[in-house]
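Chemist: here are the coordinates; sequence isn't available:
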C-alpha cells in the first residue's frame, strides 16, 4: 500500500513518487465558507480524475477515463519541456425551471493533472488519442545508451 501525503482526500498519489505533481488544495473539505468560488464544491469529484501511467520498453503510456467528454474539451500540453499536463472541463447540465432533480451524482467542473516526465522521454514525439471516453497519451522513450567498452592493450613480455 502506498503512503499518501494528504490522506484519502489529497490528490498526491505517493509521497515518494518524484514524478507525481498533482495539485493539492489545502482548503478542500472545509465547506462552503472556505470556498472562494461557487463552483469549488462542484469540481471536487471531477478534479480527482484518475490517470494510469505505465512504462513499456518503448514508451510511457498515460490513460485517463473521461466519460462524456469530447476531445475538444481536453487539453494535453507540455510545460517546462518535461512536465506533461492533462486538463479539461465538463460543463454543468443546464437546469430548466420545470425540472425536479432527485439525485445529482455526476460530477462537473475542471480538472488538471501534471506529471514530470523522466529524462528518457522523447517530448518532441508525444501523441494523444481519445476513444470511447478514454484518453491515451503516449510518450516514446529514448533507447538506453549501450555501455561503451574499450579494449586496452596490455604491454610487457
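Modeler: Everything's here; your move. Here the structure is a predicted model, which means the values were calculated and not measured.

Chemist: quick check: closest non-adjacent residue to residue 141.
Modeler: Nearest non-adjacent residue to residue 141, counting by Cβ to Cβ, 6 or more residues apart in numbering: residue 120, 4.8 Å away. C-betas here are computed from N, CA, C, even on glycine.

Chemist: which residues touch the one you found?
Modeler: Going by Cβ atoms under 8 Å, 6 or more residues apart in numbering, residue 120 touches 141, 142, 144.

Chemist: just those now: which is nearest residue 150?
Modeler: Here the nearest of the contacts of residue 120 to residue 150, counting by Cβ to Cβ, is residue 144; it sits at 18.8 Å.

Chemist: could you look up the SS state of residue 72?
Modeler: Taken by DSSP: H, G, I helix; E, B strand; the rest coil, the conformation at residue 72 corresponds to helix.

Chemist: just want the most central residue of this protein.
Modeler: When Cα atoms, centre = their mean is applied to the chain, the residue found nearest the centroid is residue 113 (3.5 Å).
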